[in-house]
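Student: here's a sequence, model it:
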Amino acid sequence: MQYLGAMSAVRADELSAEVAALWCDLLDLREVSDQADFLDLGGHSLIAIRLTAVLRERISEDIPLVLVFEHPVLSDYVDALRSYVD
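Tutor: From the prediction side, this is the model:
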């Protein structure tokens, strides 16, 4: 699965959709809502490491690992990511 291709060109809705798809892939889910909580869905430190690694690779920015724990709700996490994408 290809994630977050050219992040600078990704609009806000596309960023949300791409991050949701990444969460689904890493957490082995069919879908997630924008109010889904990473930890409630079974997310843990090892999955957070994988999530952060993929995002760092795709947007070529140093996203802090702790970001997903500080913003575990998908919509909040995406909002926090936007500061690294823009």
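
Student: quick one: the helices in the chain?
Tutor: 12-27, 45-59, 67-70, 74-85 (DSSP state H).

Student: what's the neighbour count on the residue lying closest to Tyr84 once chain neighbours are set aside?
Tutor: Leaving aside its chain neighbours, Tyr84 sits nearest to Glu61 (4.5 Å; criterion: Cβ to Cβ, 6 or more residues apart in numbering). For every residue, glycine as well, the C-beta is placed using N, CA and C. A count of nearby residues for Glu61, using other Cβ atoms under 10 Å, gives 13.

Student: how about Leu27?
Tutor: 16.

Student: same question for Asp13.
Tutor: 9.

Student: Ala53 and Asp13, how far apart?
Tutor: Separation of Ala53 from Asp13 (Cβ to Cβ, to the nearest Å): 24 Å.

Student: now Asp34. Its backbone dihedrals?
Tutor: phi -70, psi -10 (degrees, to the nearest 10).

Student: okay, it: pLDDT?
Tutor: Note on Asp34: pLDDT of 94.

Student: does it touch Ser16 like I think?
Tutor: Yes. With contacts counted by Cβ atoms under 8 Å, Asp34 reaches Ser16, the gap being 6.5 Å.

Student: these two: which has the busier surroundings?
Tutor: Ser16 (19 against 14).

Student: rewinding a little: would you list the helices of the chain in TSV and tack on distance to Phe38 and mean pLDDT?
Tutor: Converted to TSV, those look like this (distance: least, Cβ to Cβ, whole Å; pLDDT from 0 to 100):
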stretch	distance to Phe38	mean pLDDT
helix 12-27	7	90
helix 45-59	7	93
helix 67-70	5	98
helix 74-85	7	91
